[in-house]
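> how does the following fold in three dimensions:
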Amino acid sequence: MSTLNMKRVAVFIDGNNFYFGLRKLYGKNKSLKNFDFERFSKLLAVEGEVVAIYYYNALLDKKHNSEKYESQKEFFSRLRQIPHFNLVLCKLLKRNITGTNKFYYIIKEDDINMAVDLVENAYEDNFDIAVLVSGDGDFVPAVRSVKKRNKVIKNVYFKNSSSRNLKNFCDESLELTKEMLDKLFNK
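Numbers count the residues shown, from 1 in each chain. Take a look at the predicted model:
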């Protein structure tokens, strides 16, 4: 395919969804820090040119686990070295479990940031094809908006975290499998 006819591809990755999808496939045996996001994006672009990669996540709580926090910072630093990579850091909120001293964390604003970036980039004509790496059905309104701009939307998802509604609204869908992902881990 000549570069004149090459489609511009933007990849939007729900980092938390992706992390837990990999964990379900591989358990704790594989680490995201060994995953090649540049090759992954090129694989998803098929014969198109990757013009942007957006990855949405939040910084871990340094006080809760400083080792994991530092490891994540190194991981994010490596991601920033990838051409056209945009790391979008969202809020991490700590929530108490009622009636206990236990707590958990949730990431806030990741889906809305992803939806806004998807729609804004479509309306600014920054891509021809958007690859949405998430199974979250909440993205359907953003997908509908992007399609009004005559953009192609591909949904890439893990088997157990996919919305049938989202897949139905997208032009194409691709399930991430272990066979597909195995070759994207650096040794």
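
> for Asp138, what are its contacts?
Contacts here follow C-beta atoms under 8 Å, 6 or more residues apart in numbering; on that basis Asp138 touches 111, 115. Where you see a C-beta, it was placed from the backbone N, CA and C, and this is true even at glycine.

> how far away is it from Lys28?
Asp138 is 28 Å from Lys28, where distance means C-beta to C-beta, to the nearest Å.

> and if you look at Val143?
On the measure of C-beta to C-beta, Val143 and Lys28 end up 33 Å apart.

> neighbour count: the two, which is higher?
Val143 (24 against 6; other C-beta atoms under 10 Å).

> counting by contacts, list what the strand or helix carrying the more buried one packs against.
According to DSSP states H and E, Val143 maps onto helix 140-147. Applying 3 or more C-beta pairs under 8 Å, 6 or more residues apart in numbering; DSSP states H and E, one finds that helix 140-147 makes contact with helix 110-123, strand 152-158, helix 164-169.

> and the angle for that helix with strand 152-158?
Here helix 140-147 runs at 150 degrees with respect to strand 152-158, directions being taken by axes from the mean of the first three to the mean of the last three C-alpha atoms, to 10 degrees.

> distance from the chain centre to helix 140-147, please.
Taking C-alpha atoms, centre = their mean, to the nearest Å, one finds helix 140-147 lying 17 Å from the centre of the chain it belongs to.

> what angle do it and helix 110-123 make?
For helix 140-147 against helix 110-123, the angle by the same axes, to 10 degrees is 10 degrees.

> could you give the mean pLDDT of helix 140-147?
For helix 140-147, the mean per-residue pLDDT is 97.

> contacting residues for the residue nearest to Pro141 when sequence neighbours are not counted?
Nearest residue to Pro141, sequence neighbours excluded (C-beta to C-beta, 6 or more residues apart in numbering): Ala115, at 7.4 Å. Neighbouring residues of Ala115 by C-beta under 8 Å, 6+ apart: 138-139, 141-142.

> give the residue spans of the chain that score low on pLDDT.
For the chain, the stretches flagged by pLDDT under 70 are 1-4, 187.

> now the strands for it?
Remark: strands assigned in the chain by DSSP state E are 8-14, 49-58, 85-96, 103-108, 129-133, 152-158, 172-176.

> out of those, nearest to Lys183?
strand 172-176 (12.5 Å; C-beta to C-beta).

> and the closest one with strand 129-133, angle?
Using the same axes, to 10 degrees: strand 172-176 against strand 129-133 is 40 degrees.
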